[in-house]
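> Got a predicted structure plus its sequence, pasted below:
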Amino acid sequence: MFDLVLKGGRVLDPAQKFDSVADVAFAGGKVAAIGKGLAAKKAKDVRDVTGKIVTPGLIDLHTHVYWGGTSVGVEPDAYAKQSGCTTLIDAGTAGPANMMGFRKHVIERAECRILPYLNISFPGIFAFSAAVMVGECADLRLLDPRECVRVGREHADLIVGIKVRIGRGAGGETGMAPLDMAIQAAEELGLPVMAHLDHPPPHRPDVMARMRGGDVITHCFRPFPNNPSKPGGGVHADVTAARKRGVIFDIGHGKGSFGYETAKAMLKSGFLPDVISSDVHVLSIKGPAYDLLHTMSKFLAMGMPLAEIVRANTINAALAVRKSDRGTLKTGLLGDATVMEVKKGKFEFEDVLGERFKGTEHLACRGIVLGGRWWHGGER
């Protein structure tokens with residue numbers, strides 16, 4: 001007997017190259033089957049999702065959900081329901097000093113799945129608000145790769161990589177030193193790095209040269225300066241070389257890291273992001289990022305195919321954190337799914353510089369399946 005069947009939706013699973021109207025069945029917390037007529041078999045719960053889109057559970061690769069323990073974090077379950085997500089990747093909110101608190105007080109209590117990057121800075125992102133803003137990498141005394149490795153080993157079942165924020169805002173005058181320390185710690189742990197880059201210094205070409213295959217560069221479509229696009233069009237050579245090495249390019253929209261002109265230039269050049277993420281935190285959740293679905297909708301407005309957008313937020317995001325148990329509706333994997341609708345209308349979007357652009361479609365959550373059960377009914 002199935003525990004749950006989603007009946008009659010358009011099932012879109014890029015990892016399996018599956019795009020067809022079908023039923024999806026769940027049992028024992030796993031995906032049990034995809035096919036026609038599954039709802040006619042015995043099932044405890046049948047949900048008619050005709051006219052909706054069923055995808056693997058969405059993954060937001062860049063969030064800040066150490067809620068209550070840091071000034072930057074938002075409440076994870078409320079955000080997951082708002083954004084249609086089943087897995088939230090926390091992008092280094094906690095460091096070695098407070099990873100245990102993040103684990104015990106937030107991760108283990110949340111219903112949605114949370115996987116953290118560990119910040120190379122000992123206190124993590126400790127001073128981030130509209131009133132107080134201090135980069136955690138601005139003082140090298142706060143960075144200790146040995147402590148990072150120790151805590152990384154203690155929480156090896158959870159931690160998916162090492163996070164570092166560099167640039168004038170996050171690192172002050174420390175330049176490349178935080179990135180070098182993060183790479184050292186990551187190599188010792190056998191993990192990838194996620195690197196944030198804001199205003200120079202350091203400069204984008206120097207950062208790109210250090211990134212390894214499997215590492216993530218977030219804020220990849222940021223506006224000038226340190227943007228990846230050339231004046232007048234095209235992509236800088238250091239960016240294309242990094243992609244050839246296997247560096248993963250993640251949007252990480254946030255409050256200051258997504259430029260419409262940059263995105264247009266990159267998409268026109270055929271350079272699609274590997275992953276689309278919100279960089280949701282206490283400031284960006286109020287706009288212009290809002291949540292993952294709103295960020296994904298911006299790419300619909302810019303002409304990126306829906307299947308590629310879904311790919312970016314399912315299998316590509318799962319591969320970025322080296323998780324083979326999610327990101328697809330393959331039988332036997334985690335029973336996580338998102339039910340969406342493409343709303344038609346007139347929508348206005350905004351980048352981090354205040355530039356506005358229009359679209360005719362917006363993604364809306366209509367339901368979430370988490371661990372094989374109907375978790376949330378979605379927007380009404």
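Right, received. Where do you want to start?
> all helices of the stretch 201-350 of the chain, in order?
Assigned by DSSP state H, counting those that start in this stretch, the helices in the stretch 201-350 of the chain fall at 204-210, 237-244, 260-268, 292-301, 306-312, 315-320.
> which helices and strands sit right next to the first one?
Under the contact criterion of 3 or more Cβ pairs under 8 Å, 6 or more residues apart in numbering; DSSP states H and E, the helices and strands touching helix 204-210 comprise helix 177-189, strand 193-197, helix 237-244. For every residue, glycine as well, the C-beta is placed using N, CA and C.
> need these in TSV with distance to Arg141, can you?
Formatted as TSV, the entries for the helices and strands packed on helix 204-210 read as follows, by distance: least, Cβ to Cβ, whole Å:
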stretch	distance to Arg141
helix 177-189	12
strand 193-197	20
helix 237-244	30
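> Name whatever forms a beta bridge with Lys7.
Bridge pairing for Lys7 (DSSP bridges) gives the partners Asp48.
> Check it and give its pLDDT.
At Lys7, the model reports a pLDDT of 97.
> Tell me, how many residues neighbour it?
Burial of Lys7, expressed as a neighbour count using other Cβ atoms under 10 Å, amounts to 19.
> okay but it is in contact with Asp23, surely?
Yes: using Cβ atoms under 8 Å, Lys7 is in contact with Asp23, at 5.2 Å.
> Which neighbours do these two have in common?
With contacts taken as Cβ atoms under 8 Å, 6 or more residues apart in numbering, the residues that reach both Lys7 and Asp23 are 38-39.
> Identify the residues contacting Gly169.
Taking Cβ under 8 Å, 6+ apart, we find Gly169 in contact with 133, 135, 198-199.
> Neighbour-wise, which one of these leads?
For the contacts of Gly169, neighbours were counted using other Cβ under 10 Å, and Gly135 has the most, 23 neighbours in all.
> could you check the distance from that residue over to Gly169?
As defined by Cβ to Cβ, to the nearest Å, Gly135 lies at a distance of 6 Å from Gly169.
> do Ala209 as well
When distance is defined by Cβ to Cβ, Ala209 is 21 Å away from Gly169.
> same question, Thr50
Between Thr50 and Gly169 the computed distance is 48 Å (Cβ to Cβ).
> repeat for Gly354
For Gly354, the distance to Gly169 equals 18 Å [Cβ to Cβ].
> just Pro116 next, same as before
Using Cβ to Cβ, one obtains 22 Å as the distance from Pro116 to Gly169.
> Same question for Lys42.
According to Cβ to Cβ, Lys42 stands 57 Å off from Gly169.
> for Thr63, same thing?
19 Å.
> now Leu140
Between Leu140 and Gly169 the distance, using Cβ to Cβ, works out to 16 Å.
> swap in Arg212?
Using Cβ to Cβ, one obtains 24 Å as the distance from Arg212 to Gly169.
> and if you look at Met176?
As defined by Cβ to Cβ, Met176 lies at a distance of 15 Å from Gly169.
> Next: His362.
Using Cβ to Cβ, one gets 31 Å for the distance from His362 to Gly169.
> Same question for His105.
In terms of Cβ to Cβ, His105 sits 28 Å off from Gly169.
> What's the separation between His362 and Met340?
Counting by Cβ to Cβ, the separation of His362 from Met340 is 10 Å.
> Those two - which one has more neighbours?
Under the neighbour definition other Cβ under 10 Å, His362 and Met340 were set side by side, and Met340 has more, 27 against 20.
> check contacts around the more buried one.
Contacts here follow Cβ under 8 Å, 6+ apart; on that basis Met340 touches 52-55, 84, 293, 363-366.
> Would you reformat those residues as CSV and include distance to Pro192, pLDDT and neighbour count?
What follows is the contacts of Met340, written out as CSV (distance: Cβ to Cβ, whole Å; pLDDT from 0 to 100; neighbours: other Cβ atoms under 10 Å):
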residue, distance to Pro192, pLDDT, neighbour count
Lys52, 34, 98, 20
Ile53, 30, 98, 19
Val54, 30, 98, 27
Thr55, 24, 99, 27
Gly84, 25, 98, 28
Leu293, 26, 98, 22
Leu363, 28, 98, 26
Ala364, 32, 98, 17
Cys365, 29, 98, 23
Arg366, 33, 98, 22
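> Quick one: mark the members of the residues you listed that sit in helices.
Using DSSP state H, Leu293 are the members of those that sit in helices.
> residues contacting the closest residue to Gly233 other than its chain neighbours?
Using Cβ to Cβ, 6 or more residues apart in numbering and skipping residues adjacent in sequence, the residue nearest Gly233 is Ala265, 5.6 Å away. Counting by Cβ under 8 Å, 6+ apart, Ala265 makes contact with 229-230, 233-235.
> who wins for neighbours among the residues you listed?
Comparing the contacts of Ala265 by number of neighbours (other Cβ under 10 Å), Ser229 comes first, having 25 neighbours.
> And the nearest residue to it once chain neighbours are set aside, how close does it get to Ala242?
In this structure, Ser229 finds its nearest non-sequential neighbour in Ala265, 3.8 Å apart by Cβ to Cβ, 6+ apart. With the distance defined as Cβ to Cβ, Ala265 ends up 17 Å from Ala242.
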